[in-house]
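> For reference, the sequence and a predicted model appear below.
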Amino acid sequence: MDLPSLIPHLRRALSQARRRLSPLAERARRTWRRSLQLRMVTITVVCSGLLVTGFGYLVAERNNEALLQGAREDAKRKIEAGADYLKAQLESWPNGEDPSTAKEVTKILISLATRPEQGDDVSVAVYFSQAPTTVGNREAFWPPTKRSEVALAIKPELRRAVESGNAASQVVTVGGNTYLVYGTPVSMPRWSYKQIELYYAISMQSEVGVSQNTQTTVILVGLMLVLLLTILVVFVTRLVAQPVRLAAQTAQRLSAGLLDQRMAVNGEDELALLADAFNQMAANLQRQIVRLEEMSRLQRRFTSDVSHELRTPLTTVRMAADLLYSEREDFDPAVARSAELLQKELDRFEELLTDLLEISRFDAGFAMLDTEPTDMIALVTRATTRFERLARRAGVELRLMAPEPPVIAEIDAKRVERALRNLVDNAIDHAEGKPVIVTLAADEHAVALTVRDHGMGLKPGEEKLVFNRFWRADPSRARQTGGTGLGLSISLEDIRLHGGWLEAWGRPGEGAVFRVTLPVRAGARLKSSPLPLQPLAAIPAQPTAPSQGVGV
């Protein structure tokens with residue numbers, strides 16, 4: 001198979017390997033980021049391993065240099081003594097051209113190799129430099145059993161150095177044995193070829209053994225040191241990280257509502273101080289939360305009780321006000337105007353009580369859904385038609401944009417219609433005479449509707465605040481136009497009961513958009529909305545992250 005045909009197979013193999021290794025790499029990265037103890041242990045092992053490796057290498061190199069230097073000095077001393085002995089023995093010969101010279105040199109080599117001061121396992125070799133052919137053998141070795149091995153150990157570069165009249169040495173390995181080969185020239189001025197080369201091949205096996213033992217010892221000591229440091233770091237990090245981990249777990253339990261959770265305090269060190277301070281903080285938080293919950297409970301109960309208690313006097317006042325309002329034509333103009341104002345303010349007061357009662361039900365968790373398949377187009381049409389007269393009085397054009405029927409969703413029609421009425425009423429109130437557009441759209445998973453006005457708009461950050469209870473962007477203006485400040489809050493709770501989203505967008509001078517997104521089937525989970533929250537005309541040229549709004 002040629003290379004071009006292999007490339008697609010290699011790419012597929014690499015892609016498969018990447019897909020298989022990607023989850024493992026992601027899991028390892030997540031574990032690395034989440035575990036302080038793992039990071040500390042890994043960093044300690046790597047740093048100590050590098051330090052011990054460098055130190056061990058330095059010790060081993062120094063030991064090898066010391067062994068080699070000692071062996072060279074010993075070999076130099078031996079070969080100098082051997083060269084003097086050889087020269088003294090050969091000077092009695094008239095010349096070196098006698099064919100029996102090599103045999104006599106061999107006898108001298110035996111004496112050199114077996115002298116006690118030479119030590120054990122020393123091989124001796126002699127080469128006759130520029131010897132005439134009448135000499136016969138131009139080299140001699142002892143012992144004969146190591147002739148070939150010693151001949152291989154004496155490298156050509158060493159011979160060239162000795163032939164030039166210099167003493168030289170080198171370390172070589174032949175047949176698994178390591179030798180220190182030391183050579184020196186022996187001058188013979190009375191002979192015709194003037195010089196003999198004397199070589200000592202000294203075995204370095206003992207030094208190699210010592211070096212290997214040293215390296216093994218350094219490696220074992222290094223591994224033991226790294227292991228000891230690892231155990232020490234694991235113990236220390238566990239000692240430090242365990243209280244922090246316990247504090248994080250206790251904090252998570254506290255955030256989950258288990259306010260009685262506390263850390264164990266052991267000793268009097270900084271970690272004990274941390275645990276004690278954390279427990280004090282948790283106790284203070286528990287007291288404050290319990291206090292706030294009690295205050296909130298009392299506030300909800302007060303709101304509910306006041307709302308219910310005001311119903312009875314309100315009914316009586318309403319009956320009297322209705323009577324006065326129906327007879328206002330028989331009153332003086334000032335009294336008639338007062339009856340009209342009384343009727344209007346009673347309407348606002350009754351609306352406020354209704355909203356407060358609804359909020360109380362949401363806070364108490366008593367609000368329930370009564371879902372059924374509903375025609376969304378009919379619901380939106382009914383809700384918007386109710387405000388046509390109000391829109392005309394305000395000089396606002398109210399438009400409805402809806403798809404072809406039917407658009408059916410499982411909802412609580414009463415609550416969704418109330419939320420839509422609050423949104424349309426709010427849009428007309430802030431439209432400043434400009435059009436208000438209500439848009440409905442749906443897909444197979446969700447149905448959405450937006451209420452768009454072109455009025456004063458919202459400042460940055462107010463798209464979250466608009467759903468707070470009693471919040472007003474312009475309190476003085478809101479007071480003039482009425483409203484309780486609870487409509488959007490109730491709308492948000494109504495949509496949340498459906499598992500939907502209620503989001504807001506706005507920009508100063510460009511109006512605001514409120515978007516409701518509901519699941520088509522009750523209990524389904526939303527993933528997207530059929531309508532954009534931000535108007536297309538207001539989207540900047542550069543792409544931005546989608547707004548999350550306020551939703552559930």
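Nice, I can see it.
> Where does the prediction get shaky in the stretch 401-550 of the chain?
472-485, 537-550 (pLDDT under 70).
> residue ranges of the helices in it, please?
413-429, 462-465, 475-481, 487-497 (DSSP state H, counting those that start in this stretch).
> domain ranges for this structure?
As recorded under automatic domain parsing, the domains making up the chain are 1-34, 74-212, 271-364, 372-538.
> Relative to residue 90, which of the helices of the stretch 401-550 of the chain is closest?
Proximity to residue 90 (CB to CB) singles out helix 462-465 among the helices of the stretch 401-550 of the chain, at 109.5 Å. In this view, the C-beta of every residue, glycine as well, is placed from N, C-alpha and C.
> could you say what helices and strands the closest one packs with?
If you count contacts as 3 or more CB pairs under 8 Å, 6 or more residues apart in numbering; DSSP states H and E, helix 462-465 packs onto strand 501-507.
> Helix or strand next in line after the lengthiest helix in the chain, which one?
In terms of residue count, the longest helix belonging to the chain (DSSP state H) is helix 270-326. Remark: after helix 270-326, the chain's next helix or strand is helix 333-364, criterion DSSP states H and E.
> Can you check what angle separates that following helix from helix 487-497?
Angle, helix 333-364 to helix 487-497, by axes from the mean of the first three to the mean of the last three CA atoms, to 10 degrees: 30 degrees.
> Now helix 333-364: buried residues?
Neighbour-count burial for helix 333-364 flags 336, 339, 342-343, 346, 350, 352-353, 355-356, 358-360, 362-363 (criterion: 16 or more other CB atoms under 10 Å).
> Please report how far residue 8 lies from residue 14.
11 Å (CB to CB, to the nearest Å).
> ok, now residue 512?
Per CB to CB, residue 512 is found 52 Å from residue 14.
> Ok, residue 335 next?
In this view, residue 335 and residue 14 are 92 Å apart by CB to CB.
> Could you give the average pLDDT over the helix or strand where residue 54 lies?
Assessed by DSSP H and E, residue 54 sits inside helix 36-90. Per-residue pLDDT values over helix 36-90 give a mean of 83.
> From the contact counts, what lies against that helix?
With contacts defined as 3+ CB pairs under 8 Å, 6+ apart, helix 36-90 has these neighbours: helix 3-34, helix 101-114, strand 122-128, strand 168-174, strand 177-187, strand 195-203, helix 205-255.
> Columns distance to residue 449 and mean neighbour count on top of those, output as TSV?
Below are those laid out as TSV (distance: least, CB to CB, whole Å; neighbours: other CB atoms under 10 Å):
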stretch	distance to residue 449	mean neighbour count
helix 3-34	40	10
helix 101-114	110	18
strand 122-128	104	22
strand 168-174	89	16
strand 177-187	91	20
strand 195-203	98	23
helix 205-255	36	14
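> and the ones you listed, which one's lowest on average pLDDT?
Comparing mean pLDDT across these, the weakest is helix 101-114, with a mean of 67.
> picking up where we left off before, reformat the domains of the chain into JSON lines and put distance to residue 244 next to each item.
Listed next are those as JSON lines, based on distance: least, CB to CB, whole Å:
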{"stretch": "domain 1-34", "distance to residue 244": "12"}
{"stretch": "domain 74-212", "distance to residue 244": "47"}
{"stretch": "domain 271-364", "distance to residue 244": "8"}
{"stretch": "domain 372-538", "distance to residue 244": "34"}
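> closest to residue 54 out of those?
Across the domains of the chain, closest to residue 54 is domain 74-212 (CB to CB), at 18.1 Å.
> what about that closest one, how long is it end to end?
This stretch, domain 74-212, spans 21 Å end to end (CA to CA, to the nearest Å).
> For the helices of the stretch 401-550 of the chain, give me JSON lines that also has mean neighbour count.
Shown next, in JSON lines, are these (neighbours: other CB atoms under 10 Å):
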{"stretch": "helix 413-429", "mean neighbour count": "21"}
{"stretch": "helix 462-465", "mean neighbour count": "16"}
{"stretch": "helix 475-481", "mean neighbour count": "11"}
{"stretch": "helix 487-497", "mean neighbour count": "22"}
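> Dump those to CSV, plus distance to residue 532.
Converted to CSV, the helices of the stretch 401-550 of the chain look like this (distance: least, CB to CB, whole Å):
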stretch, distance to residue 532
helix 413-429, 17
helix 462-465, 15
helix 475-481, 28
helix 487-497, 18
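> Show me the one of these that comes nearest residue 209.
In terms of CB to CB, the element of the helices of the stretch 401-550 of the chain nearest to residue 209 is helix 462-465, at 79.2 Å.
> quick one: the closest one to chain centroid distance?
Helix 462-465 sits 32 Å away from the centroid of its parent chain (CA atoms, centre = their mean, to the nearest Å).
> that older thread, how far off strand 168-174 does the helix holding residue 54 point, in degrees?
Going by the same axes, to 10 degrees, helix 36-90 makes 120 degrees with strand 168-174.
> since we're on residue 88, how many residues are nearby?
By other CB atoms under 10 Å, 10 other residues sit near residue 88.
> Equivalent analysis for residue 47, please.
Neighbours around residue 47, by other CB under 10 Å: 12.
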